[in-house]
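[1] Give me the fold of what follows.
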Amino acid sequence: MTAKLIRNAYEAALTMTAVLLSWGAALWLEGTAGLHTDVLVLAVALTLTLSSSQRTADTRRRLTALVLLPATAGASIFVGRLIGSHYALGATVYTAGMALAIWIRRYGPAATKAGTLIALPLVTLLVVPGSALPAKAQSGLVTWAWAALIGALACAVVWLVQGLGDRFGPQDWRTQAALEQPRRRSRLHPRPSTRMALQMAAGIAAAFVLGNLLFDDHWPWVVLTAYVAASGNRGRTDVLRKGLERLAGATVGTLLAAGVAAAGITGHTAVALMFTVLAVALWLRPLNYAYWAAGMTCALSLLLGYFGQDALSLLPIRLEGIAVGAVLSVASAWWLLPVPRARRRQPVLGTTSPVS
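    Take a look at the predicted model:
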């Protein structure tokens, strides 16, 4: 366990180094080009989620990421604005994009990695949506061109930090690529990838509907949980476990955020504390997903507080939204074309979510 914690700390340090470099570059870009704070959020979110998927990527996969990530980051801006102006249409496009990212896994490991890259920018829309940003930023959200540039920047920073870490760091600590299992044709009809795509579409669509009806502008918390719990679906029990872990972690994160708010921590101190919380959550994440959920809940509360929102008063609503999203995800996995547990190790089931 001690060796695992040390190795986890090394990997978390690499990721946070990339995140801080990306944040610093985006901060400079924000001041130079007269952009807004959503650029910083996009840079941090993309770098944080990209780090795990690119850790053992070969040259071909990295070139694919360099093409796909900027393109999908730019496209995600249109999807975000579409949701803001035409909620039903935007929600439909978003749901279709997430389902497509899972459905294409039927075409093998390369398609699975491409699906992950397609999903990354769409997930970042849920982290801090436009409605959560300051009024000035809401009136001048990042354009598709700047978003594409931030996507390319995230790729470059992640590769630089991981490359230097592999060159000068302990060689035996480098994360080993998962062994690709020979692909076998499933006897399930529809295929597992189709089942998972339909489950994801049903869960996210229901989350959009109930999120808007029950939580108004806070619908992203419901949708994000529905996505996280269902991603990397290895069967009904797996979805239930992840839903419970996310809810438990969010509860602990809520208590931590309440303590921070009570201490009156704001401004740059809150930003520094946010990065510290993320680092600790990354360190403990391989041990149990609940640690990551707790850290993300606390970090997002600090971020919303930095933007001027009363994060403490929103915490109960966040927990309610997470609970609703988890229930929707579990319901779709259990009763809509469930994936048999016995087939959980087939390659077609894909990898875990970038944020899970």
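[2] all helices of the stretch 151-300 of the chain, in order?
    192-215, 219-230, 236-262, 267-284, 289-306 (DSSP state H, counting those that start in this stretch).
[3] now the angle between helix 192-215 and the longest one, please.
    By that I understand helix 236-262. Relative orientation of helix 236-262 versus helix 192-215 (axes from the mean of the first three to the mean of the last three C-alpha atoms, to 10 degrees): 40 degrees.
[4] Flag every buried residue along helix 236-262.
    Buried residues in helix 236-262, defined by neighbour count with 16 or more other C-beta atoms under 10 Å: 236, 238-240, 242-243, 245-247, 249-254, 256-257, 260-261. C-beta: built from backbone N, CA, C; applies to glycine.
[5] Mind checking the pLDDT average for that helix?
    Helix 236-262 carries an average pLDDT of 82.
[6] Give me the helices and strands touching it, please.
    Judged by 3 or more C-beta pairs under 8 Å, 6 or more residues apart in numbering; DSSP states H and E, the packing partners of helix 236-262 are helix 219-230, helix 267-284, helix 289-306, helix 311-335.
[7] swap the cut-off to 7 Å and go again
    helix 219-230, helix 289-306, helix 311-335 (3 or more C-beta pairs under 7 Å, 6 or more residues apart in numbering; DSSP states H and E).
[8] These: which one's closest to H36?
    Nearest to H36 among the helices and strands packed on helix 236-262 is helix 289-306; the distance by C-beta to C-beta comes to 13.8 Å.
[9] List the contacts of that closest one.
    Under the contact criterion C-beta atoms under 7 Å, 6 or more residues apart in numbering, helix 289-306 has outside partners 128, 132, 242, 245-246, 248-250, 252-254, 256-257, 260-261, 266, 270-271, 273-274, 277-278, 280-281, 284-285, 311, 314-315, 318, 356.
[10] could I have it exported to PDB, CA atoms only?
    Taking C-alpha atoms only, helix 289-306 is exported to PDB below (Å, rounded to 0.1, in the frame of the first residue of the first chain):
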ATOM      1  CA  TYR A 289     -13.700   6.900  -6.600                       C
ATOM      2  CA  ALA A 290     -15.400   8.400  -3.500                       C
ATOM      3  CA  TYR A 291     -12.100  10.300  -2.800                       C
ATOM      4  CA  TRP A 292     -12.200  11.900  -6.200                       C
ATOM      5  CA  ALA A 293     -15.900  12.800  -5.900                       C
ATOM      6  CA  ALA A 294     -15.300  14.400  -2.500                       C
ATOM      7  CA  GLY A 295     -12.400  16.400  -3.900                       C
ATOM      8  CA  MET A 296     -14.200  17.500  -7.000                       C
ATOM      9  CA  THR A 297     -17.300  18.600  -5.000                       C
ATOM     10  CA  CYS A 298     -15.100  20.700  -2.700                       C
ATOM     11  CA  ALA A 299     -13.000  22.200  -5.500                       C
ATOM     12  CA  LEU A 300     -16.100  23.200  -7.600                       C
ATOM     13  CA  SER A 301     -17.600  24.800  -4.500                       C
ATOM     14  CA  LEU A 302     -14.400  26.800  -4.100                       C
ATOM     15  CA  LEU A 303     -14.500  27.800  -7.800                       C
ATOM     16  CA  LEU A 304     -18.100  28.900  -7.600                       C
ATOM     17  CA  GLY A 305     -17.300  30.900  -4.500                       C
ATOM     18  CA  TYR A 306     -14.400  32.600  -6.300                       C
END
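[11] ranking the helices of the stretch 151-300 of the chain by burial, who's on top?
    Ranked by mean neighbour count, the helices of the stretch 151-300 of the chain are led by helix 219-230 with a mean of 28 (mean count of other C-beta atoms under 10 Å).
[12] quick check: angle from it to helix 236-262?
    Going by the same axes, to 10 degrees, helix 219-230 makes 140 degrees with helix 236-262.
[13] Give me the distance from helix 219-230 to the chain's centre.
    With C-alpha atoms, centre = their mean, to the nearest Å as the basis, helix 219-230 stands 10 Å off its chain's centre.
[14] Which strands and helices lie in contact with that helix?
    helix 109-127, helix 192-215, helix 236-262, helix 311-335.
[15] and the second one, what other elements does it pack with?
    If contacts are counted by 3+ C-beta pairs under 7 Å, 6+ apart, helix 192-215 sits against helix 87-103, helix 219-230, helix 311-335.
[16] Nothing else from me, thank you.
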